[in-house]
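>>> Here's my sequence, what's the structure:
(one chain, ligands or ions: 1)
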Amino acid sequence: MSDAAQPRIELYAERQAPKRSALDKAVLDFAGRFRGALSRGDMRRMNRVVQRVMEQEGELQGLDAGALDAAVHALRLDLRRAPELSALTDTQLARAFGVVREVSGRFKGQRHRGVQIMGAFAMMRGRLAEMSTGEGKTLTATLAAGTAALSGRPVHVVTVNDYLARRDAELMTPVYRALGLSVGIVISGQKPEERRAAYACDITYCTNKELAFDYLRDRMVLGQQDSNVRLKLEGLAGASRTRDLRLRGLHVAIVDEADSVLVDEARTPLVISENADGDVDAAVIAQAMELAAKLETPRDYLVHIDERRISLTQAGNERVREVAEPLGGVWRGTVMREELARQALSAGLLFHRDHQYLVREGKVQIIDEGTGRVMPDRFWGDGLHQMIEHKEGCKLSHRRATIARMTYQRFFRRYRHLCGMSGTARQVAGELWQVYRLPVTRIPTHRPIQRVHRPDLVTERGEEKWRLITARVRELHERGCPVLIGTRTVAASEEASAMLTAAGLPHRLLNAAQDGQEAAIVSEAGQRGHITIATSMAGRGTDIELGPGVEDLGGLHVIMSERHDARRVDDQLAGRAGRQGQKGHFEAILSLDDPLMEMDRAGVLRAVTLPLRKAHGPLVRRLLLKAMQRRAERIHAGMRRQLMKSDEMQTRILAFSGQSE
Ligand SMILES: Nc1ncnc2c1ncn2[C@@H]1O[C@H](COP(=O)(O)OP(=O)(O)OP(=O)(O)O)[C@@H](O)[C@H]1O
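Residues are numbered from 1 along each chain as shown. Predicted coordinates for the structure are as follows:
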């Protein structure tokens with residue numbers, strides 16, 4: 001790329017949060033309600049860009065290889081003049097999309113469709129393009145990533161797991177290479193030099209987790225100040241400190257599965273910890289667990305299942321003091337002993353094997369409840385991990401100390417240009433605007449959706465539910481229809497597998513395994529006669545191709561056996577059927593025994609609605625479960641707000657002591 005003009009990009013660029021008054025913020029939050037829907041004018045502009053791209057098709061297809069290269073070169077020179085991505089005009093975008101589309105047609109055999117051009121246009125305008133599952137988001141990203149990279153800005157294409165990062169990068173590399181752009185991949189297990197080399201490429205495909213942690217490590221090198229200013233001030237370009245940096249700043253992020261990355265993952269803070277000096281005091285852990293066994297609910301403590309929290313009552317505090325104070329040591333401090341008691345109660349009551357964690361090779365490994373995947377490198381803090389290890393009879397792991405911490409919310413807000421794609425973002429549009437100032441724009445589908453949604457079936461009891469599911473699966477299987485059964489947790493998928501095995505129905509079970517294997521199994525789920533069980537999130541982002549003759553049988557049949565805490569995850573599961581205008585069926589077979597009903601802690605709603613359920617049956621049961629799901633969504637949104645608040649507060653406090661990031 002030495003032939004092109006030097007891009008005028010900043011060293012380690014990132015956006016500084018604008019200082020706004022509370023009133024300004026409130027006005028902006030309010031205005032956001034109207035930002036998602038495109039105005040008629042915006043719509044006209046978007047359609048005009050699509051039209052202009054299509055109009056160039058003849059001219060561009062007529063170019064020979066040399067002439068197309070020259071067109072790419074001219075485009076690059078033109079795009080590099082823009083001081084900001086947002087300054088690119090519609091005419092420039094239309095030309096860029098036209099050229100990238102032609103290159104994609106020649107080197108990949110796929111020309112972007114009108115709706116994909118719309119999605120890319122929305123992203124170049126700093127929006128989140130909501131495109132239904134199966135609409136080809138991977139290809140859509142090439143228009144935006146290619147254009148942004150040709151303008152000289154480092155682009156990060158962010159996705160949810162290693163498998164997808166690698167797969168998407170490899171799939172699209174022919175297009176980028178033909179545009180003269182280099183592509184890097186950042187996934188887990190890579191060394192710092194490999195990462196640095198990948199981030200030095202024009203376009204880097206990476207997972208949100210690796211990216212955010214690499215940034216966090218860079219911040220530890222750079223310290224607190226505005227990094228760009230600091231680099232300039234200290235004249236560090238080329239000096240040793242920049243050599244330690246991994247990224248080149250936060251210029252452009254294109255986030256795939258954006259609701260999962262920006263909203264769901266945002267519930268967990270990013271923490272870099274290291275093995276701390278000294279072992280965990282095994283005696284204290286054992287004492288805490290013994291103490292917890294002596295406490296009784298509701299006298300001593302209350303369990304808040306929905307918020308996953310335990311609180312001690314006045315009597316409980318007193319009891320803890322009585323039992324623990326004589327033990328001496330850490331037990332003498334009131335705050336400490338109450339915290340230990342709460343943690344020990346949580347370890348026993350809120351964290352369950354095969355739900356929140358697995359025990360593998362004598363180690364407690366956390367399960368990501370959203371994806372059902374195991375996260376071997378994560379640990380619960382404040383002694384909780386060790387208490388669970390104690391409970392399971394495992395060897396206690398090392399004590400860990402936090403050395404840096406931040407949230408995804410804070411991280412992604414720092415991008416100069418943030419945009420994304422998702423099949424399901426509308427339900428969290430308010431939050432995406434409030435947190436990231438990212439409006440959601442709905443893009444129409446390429447072909448009309450043919451998926452049939454059957455009404456939910458809700459039984460009173462779990463056993464009845466599984467009987468119905470097994471019967472339905474058998475009926476479909478006998479006709480040769482492929483069936484995909486979605487469960488919420490690993491444990492539930494195993495239960496489902498046991499049921500089907502008992503019923504003599506051959507199936508493939510997919511949970512918490514490797515992403516690559518998962519994707520392979522999910523992608524085969526559309527073959528005639530296949531039965532597949534998967535946790536709701538497994539295989540997200542993988543295409544399910546229908547086998548020969550399967551469309552005539554009604555396409556893939558998806559059965560949801562449990563509602564997830566968020567409607568979006570259910571919608572993702574439904575979207576596995578009827579992709580790209582193909583035929584497909586979706587139905588939910590649920591029960592009032594499902595864990596979602598735990599939200600109804602004391603069973604009040606259940607008791608109140610019992611006569612109604614008797615009189616009106618299924619409808620009331622259906623509404624009851626929906627109400628619980630809304631409640632779960634509200635609680636989780638509250639937890640994310642709380643995390644953001646505490647993150648902001650901590651930044652303010654730590655900024656004084658110079659420890660944050
Ligand atoms: N313009 C196109 N021409 C031909 N085939 C296309 C085009 N765009 C996408 N496809 C094909 O459509 C299929 C679905 O694409 P992809 O998996 O990217 O969808 P998606 O929107 O990411 O789905 P999900 O929301 O489930 O992640 C792929 O097989 C892809 O090759």
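
>>> Strands along the stretch 1-150 of the chain, start to end?
Listed in chain order, the strands of the stretch 1-150 of the chain (DSSP state E, counting those that start in this stretch) span 128-130.

>>> Repeat that for the stretch 151-300 of the chain.
Counting by DSSP E, counting those that start in this stretch, the strands of the stretch 151-300 of the chain are 155-159, 183-186, 203-207, 252-255, 270-275.

>>> Specify the stretch among those strands that is closest to the ligand.
strand 155-159 (9.4 Å; Cβ to the nearest ligand atom). All C-beta spots, glycine's among them, are computed from the backbone N, C-alpha and C.

>>> Partner strands of the closest one, with direction?
Applying DSSP bridges, strand 155-159 is found paired with strand 203-207 (parallel), strand 252-255 (parallel).

>>> that older thread, in TSV, list the strands of the stretch 151-300 of the chain along with mean pLDDT and mean neighbour count.
Formatted as TSV, these follow (pLDDT from 0 to 100; neighbours: other Cβ atoms under 10 Å):
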stretch	mean pLDDT	mean neighbour count
strand 155-159	97	27
strand 183-186	98	24
strand 203-207	97	27
strand 252-255	98	27
strand 270-275	76	15
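
>>> Reformat the ones you listed into CSV and put distance to the ligand next to each item.
Formatted as CSV, the strands of the stretch 151-300 of the chain follow (distance: least, Cβ to the nearest ligand atom, whole Å):
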stretch, distance to the ligand
strand 155-159, 9
strand 183-186, 17
strand 203-207, 13
strand 252-255, 13
strand 270-275, 24
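
>>> Quick one: closest of those to residue 43.
Smallest distance to residue 43 across the strands of the stretch 151-300 of the chain (Cβ to Cβ): 22.2 Å, for strand 252-255.

>>> ok and the residue in the stretch 1-150 of the chain nearest the ligand?
Counting by Cβ to the nearest ligand atom, the stretch 1-150 of the chain gets nearest the ligand through residue 136, at 2.6 Å.

>>> quick one: contacts for the closest residue to that residue other than its chain neighbours?
Once flanking residues are discounted, residue 136 sits nearest to residue 116: 5.8 Å by Cβ to Cβ, 6 or more residues apart in numbering. Going by Cβ atoms under 8 Å, 6 or more residues apart in numbering, residue 116 touches 131, 135, 136, 139, 140, 143, 446.

>>> In this structure the second one contacts residue 112, no?
Right, the one you point to is residue 135. No: with contact defined as Cβ atoms under 8 Å, residue 135 does not reach residue 112; the gap is 11.1 Å.

>>> Of all residues in this protein, which one is nearest the centre?
With distances taken as Cα atoms, centre = their mean, the residue of the chain nearest its centroid is residue 260 (2.5 Å).

>>> any idea how far residue 209 is from it?
To residue 209, residue 260 is 12 Å away according to Cβ to Cβ, to the nearest Å.

>>> can you check residue 347 too?
For residue 347, the distance to residue 209 - Cβ to Cβ - is 25 Å.

>>> Stretch 415-435 near the ligand anywhere?
Yes: Stretch 415-435 is in contact with the ligand by Cβ under 6 Å from any ligand atom, via residue 423.

>>> Go through the strands paired with strand 155-159 and name the closest to residue 530.
Using Cβ to Cβ, those put strand 203-207 closest to residue 530, at 28.7 Å.

>>> Now the stretch 301-450 of the chain against the ligand: closest residue?
Counting by Cβ to the nearest ligand atom, the stretch 301-450 of the chain gets nearest the ligand through residue 423, at 4.2 Å.

>>> Now do the contacts for that residue.
130, 131, 132, 133, 135, 137, 571, 572, 575.

>>> cool, residue 187 as well?
162, 165, 166, 206, 207, 210.

>>> quick one, which of the strands of the stretch 151-300 of the chain is nearest to residue 223?
From the strands of the stretch 151-300 of the chain, taking Cβ to Cβ, the stretch that ends up closest is strand 270-275, at 15.1 Å.

>>> Check which helices and strands that closest one sits against.
helix 208-222, strand 400-406 (3 or more Cβ pairs under 8 Å, 6 or more residues apart in numbering; DSSP states H and E).

>>> Adding mean pLDDT, distance to residue 628 and mean neighbour count, write these out as a markdown table.
Formatted as a markdown table, the helices and strands packed on strand 270-275 follow (pLDDT from 0 to 100; distance: least, Cβ to Cβ, whole Å; neighbours: other Cβ atoms under 10 Å):
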| stretch | mean pLDDT | distance to residue 628 | mean neighbour count |
| --- | --- | --- | --- |
| helix 208-222 | 89 | 29 | 21 |
| strand 400-406 | 77 | 32 | 16 |
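
>>> could I get the ones you listed as CSV with distance to the ligand?
Formatted as CSV, the helices and strands packed on strand 270-275 follow (distance: least, Cβ to the nearest ligand atom, whole Å):
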stretch, distance to the ligand
helix 208-222, 15
strand 400-406, 28
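
>>> any chance of those in TSV, plus distance to residue 531?
Shown next, in TSV, are these (distance: least, Cβ to Cβ, whole Å):
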stretch	distance to residue 531
helix 208-222	32
strand 400-406	42
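
>>> can you tell which of those is closest to residue 330?
strand 400-406 (16.2 Å).

>>> quick one: strands adjacent to that closest one?
For strand 400-406, pairing defined by DSSP bridges yields strand 270-275 (antiparallel).

>>> Quick check: residue 549 touching residue 529?
No: using Cβ under 8 Å, residue 549 is not in contact with residue 529, being 10.5 Å away.

>>> rewinding a little: and of the helices and strands packed on strand 270-275, who's closest to residue 99?
helix 208-222 (27.9 Å).

>>> The closest residue to residue 281 other than its chain neighbours - how many residues pack around it?
In space, and not counting its chain neighbours, residue 281 is closest to residue 330: 7.5 Å by Cβ to Cβ, 6+ apart. The local packing of residue 330 (other Cβ atoms under 10 Å) involves 15 other residues.

>>> do the same with residue 77
Residue 77: 12 neighbours (other Cβ under 10 Å).

>>> Show the pLDDT at it.
Residue 77 is assigned 96 on the pLDDT scale.

>>> One more: residue 251?
So, for residue 251, pLDDT stands at 95.

>>> Go ahead and confirm it touches residue 416.
Yes: contact criterion Cβ under 8 Å: residue 251 and residue 416 qualify, at 5.3 Å.

>>> Show me which residues of the protein sit near the ligand.
Residues of the chain that fall close to the ligand, judged by Cβ under 6 Å from any ligand atom: 110-113, 116, 131, 133-139, 423, 541, 543.

>>> could I get the contacts of residue 116 as TSV with pLDDT and neighbour count?
Below are these laid out as TSV (pLDDT from 0 to 100; neighbours: other Cβ under 10 Å):
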residue	pLDDT	neighbour count
131	94	25
135	90	26
136	92	18
139	97	22
140	97	26
143	98	27
446	87	16
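
>>> Quick check: the two most widely separated of those residues?
Farthest pair in the contacts of residue 116 (Cβ to Cβ) is 143 and 446. Separation: 14.9 Å.

>>> so the closest residue to residue 258 other than its chain neighbours bridges to which residues?
In this structure, residue 258 finds its nearest non-sequential neighbour in residue 420, 3.2 Å apart by Cβ to Cβ, 6+ apart. Beta bridges link residue 420 to residue 128, residue 255 when assigned by DSSP bridges.

>>> Okay, residue 420 and residue 157: tell me how far apart.
Taking Cβ to Cβ as the measure, residue 420 falls 10 Å from residue 157.
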